[in-house]
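In: Here is the input, now give the coordinates:
(2 chains)
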Amino acid sequence: MSWRNELLAVWAVTLRNALMGARNVFFFFELLFWPIVGVLSIGLMSRFLELTEAQASFVLVGTIALSVVNVCQLEVAYAVLLDVWSKSLKHQFLAPIGIRHLTLGSWVVGMVRSLAVFVLLAALGRWAFGFQVLQPGWLALATFLLGCFLTAWVVGVAVCALITLFGNRAEAFAWASVNMVLVLAGIYYPISVLPDSIAVIARAIPLTYFLDAYRAHYGFASEFRSPIATGLALSALYAALAHWAFLAAIHRARRTGLLLKMSE
Amino acid sequence: MVSFLRMLAIDARDVEKTFRSGWPRRRETPALRGVSLTVERGSIFGLLGPNGAGKTTLLSILATLLTPDRGTVMVLGLDVVREAGALRRRLNMASGRPSFLWSLRVAEIVAFYGRLYGLSGAALHRRVDGLIELCELGPYRRIPYSDLSTGLKQRVALAKSLVNDPELLFLDEPTLGLDPDVSVRVRAHIARLRREQGITIVLTTHYMREADELCDEIAFIKSGRILARGTPGELKRQIRLGEVVALRLDPARVPWLADVPGVLRCVEVDGWVECTVDEAEKRLPELLRALYADGVVIRNVQVREPELEEVFVELAK
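Out: Okay, the predicted model is just below:
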């Protein structure tokens, strides 16, 4: 396959997801409602608990990161979910499309949407609670967002793999399992407060390292020696594993007939 | 031999497929039990059979959507398992129960699939416009898929299935649920595709008239096995259903007709007496002589082959 065709296939998925998103009022609900509720509740709670400015920034960074990852991973999962819901999965996989096109195309839309969510939440955080998102500088912010996007990609592809493996009845299980893992990434607390056995899991999550690196700019000592390098390395490892798992799940679905069943 | 194989669009040998489901107790459902099939390039081939016979399973294997458990399947000279990626560029499929993303508009659906096959810019626009015109979807090009009627959805599926100019087209129940006038147009369109573009078409259908009208060859499949194959005419002869001698008589009822040697059965349909005979050429003069001798006035006589539907019923028993 030529580069031109590769890019065209990715663009086709990007355009498709963007059009679907733009025409669904509930997609906007996902995009705006819960992230705003999250920042407002956490911000108000930090005011009630009389947290210092740095402590409030610590939890707000976590809340915003969770929203960015959630919005982006949801869009990546739409790579499969839209076709599962519309029962068009067999048409999709009858065409010369690879899972790289599906996931990358969806990821592009996810990044754009979650970037919009980030800008909105950062503005809300600044206006309501004086949270300075740019305090760490542009480079640190870009690295932090990249970490969020990479984590979202891994989570979204893992959800795709689980749904393709177990069928659409596994949807709830897929969301629950990946969200449970995310919460362990030290969204609202440093992972040093976790019991050792759970902290091991937290150390295996890329987002933990990106949060750690970003929060260091708000005066919290880093718990890791090279958090960004570790986060990137873990992301690369999981991205490869998730891609392989999704590929294997598609092969299995072609063998078991699940691909057809999900289209009926 | 080599040139013969090149002429084949499909060469499937001893294909087996069993679906396994349930946990912890596994259930096994054999869907195909050693199916062998060849389809010549440029032909229209029909797969007929009752529900659950294995038609869709076979079609899905040929279209690379399902992998066979055993056997070899070559489609357009490529192995459906090892060379599936290259094969997918050259084939396509339309289903009688189509489904696409609900919010996308007609033109957007066709364009989406066009891009997946490497079309872009002016070439993509030309192809989309051409297919929309061909499938008479012009007034609906900006309508979301979920707002379309069943017939229009099927036309979208047909347009999508032609977006890559396929060499081989699979049509799974292409006229299911369509109004008769639309069905006629779809059938005419299928015939034109083969005639003008030389596309090989494999279709499944429940409508025998459709199979009779369109297909060069037909295979009857039941319980995962091919029971018979041939041209519609060959099948009717193979099954030995006999031929039908239809008579319009005065008086209309002649009770002794069913007892004439060589007459298998007689039924009355819309004022005609339809006698199924073992061999029309031999039995017709005998019948006419006997009727004349009995003083019965013969107002009209027609001889016809049995309908494909009767062959289907016989094989499905």
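In: and after the host helix or strand of residue A:230, which helix or strand comes next?
Out: Using DSSP states H and E, residue A:230 falls within helix A:227-256. Using DSSP H and E, the next helix or strand after helix A:227-256 towards the C-terminus is helix A:258-261.
In: before we move on, back to that, what helices and strands are in contact with the helix holding residue A:230?
Out: In terms of contacts (3 or more CB pairs under 8 Å, 6 or more residues apart in numbering or on different chains; DSSP states H and E), helix A:227-256 is packed against helix A:99-129, helix A:138-166, helix A:206-215, helix A:258-261. The way it works is simple: take the backbone N, C-alpha and C, and place the C-beta from them, glycine included.
In: dump the residue contacts of residue B:16.
Out: B:30, B:32-35, B:68-71 (CB atoms under 8 Å, 6 or more residues apart in numbering or on different chains).
In: redo that, cut-off 6 Å
Out: B:32, B:34, B:69-71 (CB atoms under 6 Å, 6 or more residues apart in numbering or on different chains).
In: Show me which of those residues are buried.
Out: Neighbour counting with 16 or more other CB atoms under 10 Å in any protein chain shown marks B:32, B:69, B:71 as buried within the contacts of residue B:16.
In: Pull up the per-residue confidence for the closest residue to chain A within the stretch 151-300 of chain B.
Out: In the stretch 151-300 of chain B, the residue that lies nearest chain A is residue B:160 (7.1 Å; CB to the nearest CB). On pLDDT, residue B:160 comes in at 94.
In: surely it meets residue B:113?
Out: Yes. Under the criterion of CB atoms under 6 Å, residue B:160 makes contact with residue B:113 at 5.1 Å.
In: ok, and does the helix or strand hosting residue B:201 reach over to chain A?
Out: Following DSSP H and E, one finds residue B:201 within strand B:200-204. No. Using CB under 6 Å from any CB of the partner chain, strand B:200-204 stays clear of chain A, with a minimum separation of 13.9 Å.
In: Next secondary structure after that strand?
Out: Defined by DSSP H and E, the subsequent element after strand B:200-204 is helix B:208-214.
In: So what are the sheet partners of the following helix or strand past that following helix and their directions?
Out: Remark: after helix B:208-214, the chain's next helix or strand is strand B:217-222, criterion DSSP H and E. The strands beside strand B:217-222 in its sheet (DSSP bridges) come out as strand B:44-48 (parallel), strand B:225-230 (antiparallel).
In: Give the buried residues for the helix holding residue A:230.
Out: Neighbour-count burial for helix A:227-256 [16+ other CB under 10 Å]: A:227-228, A:230-232, A:234-235, A:238-239, A:242-243, A:245-247, A:249-250, A:253-256.
In: re the thing from before, which one of the strands paired with strand B:217-222 is the most hemmed in?
Out: strand B:44-48 (a mean of 25; mean count of other CB atoms under 10 Å in any protein chain shown).
In: elements contacting the next helix-or-strand element following it?
Out: Following strand B:44-48 in sequence order, the next helix or strand is helix B:55-62 (DSSP H and E). Using 3 or more CB pairs under 6 Å, 6 or more residues apart in numbering or on different chains; DSSP states H and E, no helix or strand is in contact with helix B:55-62.
In: what's the farthest-apart pair in the contacts of residue B:16?
Out: B:34 and B:69 (10.8 Å; CB to CB).
In: which residue sits closest to residue 252, ignoring its sequence neighbours?
Out: Picking chain A for this. For residue A:252, ignoring the flanking residues on the chain, the nearest one in space by CB to CB, 6 or more residues apart in numbering or on different chains is residue A:165 at 6.6 Å.
In: that answer is for a different chain, and I need it for chain B
Out: Using CB to CB, 6+ apart, the closest residue to residue B:252 is residue B:271 (6.4 Å).
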